[in-house]
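Engineer: Pasting a predicted model and its sequence here:
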Amino acid sequence: MNAPTALIAEDEPLLAQALQAELSSAWPELRIVACVGDRFGAVEHALALRPDVLFFDIRMPGQSGLEAAAQLADDWPQGTPFPALVFVTAYDRYALQAFEAQAADYVLKPVQPARLRKTVARLRQVLATRPAGDGALEAALGQLRHLLAAGNAAPTPAPLKLIQAASGNSIRMVPLDEVLYFEAADKYVRVVTAGHEYLIRTPLKELLPQLDPQVFWQVHRGTVVRVAAIDGVTRDAAGKLQLALRGRPERLAVSRLYAHLFKAM
């Protein structure tokens, strides 16, 4: 059996070095194939190197470790075992969420040798019993759904009724009932109706808690769709789901994380 491999995604170099040092002691045969400091590098290197274990910092520049793991799961090649996930965090709240959702494990900062040895023991067991094919990926997707939902839990704000969108030198008041979908685009969010498109600066993360989850579904990390506007769902040649909307010509991609919403497919 080949030596197990791991990738560390941690934006604080000293903490990354400390984790590497402790891992070399607790798990000598583990080979660290990369250590990166941002989510783009984490996803890119993980796809290229396909490690057995991922140590993802919860807080990384530009995106949380959970969101990076979700992106990786969406891009992961079918038939390849998905890595065991370990979340590195200084925040007990996130660590408890990871544990309760049965993620592979968590490591609290600063790294405690005794706690890390328990993590290593659990990882050995996970890798020894990891299901073949896409079983590990499906398990990871279920874990990530629970973790993202727990991480977004917060007091519910007042429901959104109108979208204030800039249109030239004026502000357009767009009734929420007219919106077919929202789509993240760089620093903006596109607000799309049957006949118009608008740009707003409010992040999608801030919009989501104000939307009725029975009316709007998140179908991708950057797309939220009005359920009643969905005309049909198809699979492309690569097996990915795509939505057709009433009144719009484009097709919207559905990520693996949200494919369970369309079980009949």
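Structural biologist: Everything's here; your move.

Engineer: which residues of the chain score low on pLDDT?
Structural biologist: For the chain, the stretches flagged by pLDDT under 70 are 1, 61-63, 92-104, 150-157, 264-265.

Engineer: Let me see the ranges of the helices in it.
Structural biologist: Along the chain, counting by DSSP state H, helices occupy 13-26, 39-49, 65-75, 92-100, 113-128, 135-151, 204-207.

Engineer: got the contact list for P13?
Structural biologist: Contacts of P13 were listed using C-beta atoms under 8 Å, 6 or more residues apart in numbering, and they are G37. For every residue, glycine as well, the C-beta is placed using N, CA and C.

Engineer: how close does it sit to L127?
Structural biologist: Applying C-beta to C-beta, to the nearest Å, the value for P13 to L127 is 27 Å.

Engineer: Please tabulate the helices of the chain in CSV, including the columns distance to L261.
Structural biologist: Output for the helices of the chain, formatted as CSV (distance: least, C-beta to C-beta, whole Å):
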stretch, distance to L261
helix 13-26, 36
helix 39-49, 23
helix 65-75, 14
helix 92-100, 22
helix 113-128, 27
helix 135-151, 10
helix 204-207, 17
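
Engineer: Would you mind finding the most buried of those helices?
Structural biologist: For the helices of the chain, the largest average neighbour count (mean count of other C-beta atoms under 10 Å) is found in helix 65-75, namely a mean of 22.

Engineer: Can you tell me what sits against it?
Structural biologist: 9, 39, 42-43, 46-47, 54, 56-60, 63, 82, 85, 87-88, 137, 140-141, 144, 147-148, 151, 221, 255-257.

Engineer: Please write out the alpha-carbon positions of it in CSV.
Structural biologist: Output of helix 65-75 as CSV, limited to C-alpha atoms (Å, rounded to 0.1, in the frame of the first residue of the first chain):
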residue,chain,number,x,y,z
GLY,A,65,-12.5,26.3,4.1
LEU,A,66,-16.0,24.9,4.0
GLU,A,67,-16.8,26.7,0.8
ALA,A,68,-13.4,25.7,-0.7
ALA,A,69,-14.2,22.0,0.2
ALA,A,70,-17.6,22.4,-1.5
GLN,A,71,-16.0,23.8,-4.6
LEU,A,72,-13.5,20.9,-4.6
ALA,A,73,-16.3,18.4,-4.3
ASP,A,74,-18.1,19.9,-7.2
ASP,A,75,-15.0,19.7,-9.4
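
Engineer: Run a quick neighbour tally on H196.
Structural biologist: Residues lying near H196 (other C-beta atoms under 10 Å) number 12.

Engineer: For T5, which non-adjacent residue is spatially closest?
Structural biologist: Closest residue in space to T5, ignoring its immediate chain neighbours: P51 at 4.4 Å, by C-beta to C-beta, 6 or more residues apart in numbering.

Engineer: Can you get me a residue count around the one you found?
Structural biologist: By other C-beta under 10 Å, 21 other residues sit near P51.
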